[in-house]
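Asker: With the sequence up front, the predicted model follows.
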Amino acid sequence: MSARRIFSRPARFGAIVPYVWMVLFFLVPFAFVAKISLSQTAIAQPPYTPVFSLAGGLSALSDALAGLSLDNFRLLLSDDLYLASYLRSVVVAATSTAILLLIGYPIAYGMARLPKRWQGIAMMLVIVPFWTSFLIRIYAWVNILQHDGLLNQILLALHLVSAPVVWLSTDSAMYVGIVYSYLPFMILPLFATLTKLEPALEEAAADLGASPRETFWLVTFPLSLPGVGAGSLLCFIPIVGEFVIPDLLAGSRSLMIGQTLWLEFFTNKDWPVASSIAVVLLAVLLIPLLLYDRLQRRQLEEGR
């Protein structure tokens, strides 16, 4: 048996593993969620009908398929609660992503300009917060932002305010928590892209008479757009479905779609409606992914 044939088998197996993983841990669970979203709520266990069972044969399976409907999706389109939750989630995610880009880009740019021996230390400082539990970090912000928390104590000590400011259960607290939690997801892709840029390109632009500002906007920023897109997607997509940060820091006066899904699933025990919310949420999140993929393909075609 030739060495080429020996090594080709593990390579083929390694290429198949990601697809098997996606089928088992994404497509199969999603198929269950999609089926439940087409079912009806029932006081039973599980709390929906129809339930597929192979014990009754093909006739029972066909009857179960006939009982599926799109009523839950019609409910989502007709109820302002769900539409407002989707809209608020998208607005919060877009606003947070813009803030993260404005803060993360200068940090990543500065890290990329550091000497090589300092870049590893800077990277470590960005990653260190991940060593602490996410929930503990959010509860720490609850303590900082509460009525007699550290932030109000500092503001009062500096005589910047005359009375404690209400931070908790506001959108400001929510944005602070989101930006703090997702900032590394914006910095790391930008840093990886900016470190690959050739310094000779900026030197050439300067030799041609471009100012530092023109060099940044005409050379550096366009070449870093893949990192901007990757960081924006890494932040935007999970923020849309965020539950913990809005629930702990923003309260429940204006719900995001993650909070609405939680209420339907655990409080109302309405699994079909909760599943339909999840299916629509996935469809909404596919839009930026498809747009990013199209832009990437267009850039590749232009590069050729």
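Answerer: Happy to help now that I have it. If you're wondering where the values come from, they're calculated on a predicted model, not measured in any experiment.

Asker: Low-confidence stretches in this protein?
Answerer: 1-11, 51-61, 63-64, 66-67, 252, 303-304 (pLDDT under 70).

Asker: Stretch 143-158: end-to-end distance?
Answerer: Stretch 143-158 has an end-to-end distance of 20 Å (criterion: Cα to Cα, to the nearest Å).

Asker: what does stretch 68-84 give?
Answerer: By Cα to Cα, the extent of stretch 68-84 from end to end equals 27 Å.

Asker: Identify the residues contacting that stretch?
Answerer: Outside of stretch 68-84, the residues within contact range by Cβ atoms under 8 Å, 6 or more residues apart in numbering are 35, 37-40, 50, 254-255, 257, 260, 272-273, 275-277, 279-280. For the C-beta atoms, the positions are set from N, CA and C on the backbone; glycine is no exception.

Asker: Just the buried residues out of those residues, in ChimeraX syntax.
Answerer: A single ChimeraX command selects the buried members of these (16 or more other Cβ atoms under 10 Å):
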select :35,37,38,39,50,255,257,260,272,273,275,276,277,279,280
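
Asker: Among the contacts of stretch 68-84, name the ones in strands.
Answerer: Gln40 (DSSP state E).

Asker: quick one, helices of the stretch 201-304 of the chain?
Answerer: 212-215, 221-223, 225-240, 244-245, 257-262, 271-303 (DSSP state H, counting those that start in this stretch).

Asker: right, I mislabeled it, should have said the stretch 51-200 of the chain
Answerer: For the stretch 51-200 of the chain, applying DSSP H, counting those that start in this stretch gives helices covering 57-66, 71-78, 80-112, 116-127, 134-145, 150-157, 171-194, 199-207.

Asker: Which of the residues in the fifth one are classified as buried?
Answerer: In this case it means helix 134-145. In helix 134-145, counting by 16+ other Cβ under 10 Å, buried: Ile138, Trp141, Ile144, Leu145.

Asker: Tell me which residues of stretch 174-181 come out buried.
Answerer: Under the neighbour-count rule (16+ other Cβ under 10 Å), stretch 174-181 has Met174, Tyr175, Val176, Gly177, Ile178, Val179, Ser181 buried.

Asker: Same list (the helices of the stretch 201-304 of the chain) but as a markdown table, adding distance to Ser89.
Answerer: Formatted as a markdown table, the helices of the stretch 201-304 of the chain follow (distance: least, Cβ to Cβ, whole Å):
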| stretch | distance to Ser89 |
| --- | --- |
| helix 212-215 | 36 |
| helix 221-223 | 29 |
| helix 225-240 | 5 |
| helix 244-245 | 12 |
| helix 257-262 | 4 |
| helix 271-303 | 8 |
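
Asker: Any idea which of the ones you listed gets closest to Leu114?
Answerer: Leu114 sits nearest to helix 225-240 of all the helices of the stretch 201-304 of the chain, at 16.7 Å, using Cβ to Cβ.

Asker: need the contact list for Ala173.
Answerer: Trp141, Leu145, Trp167, Leu249, Ala250.

Asker: ok, for it, nearest residue in space, not its chain neighbours?
Answerer: Leu249 (4.2 Å; Cβ to Cβ, 6 or more residues apart in numbering).

Asker: correct me, but that neighbour touches Met174?
Answerer: Yes: if you go by Cβ atoms under 8 Å, Leu249 and Met174 touch, sitting 4.7 Å apart.

Asker: neighbouring contacts of stretch 220-232?
Answerer: 97, 100-101, 104-105, 108-109, 185-194, 197, 201-202, 292, 295-296, 299.
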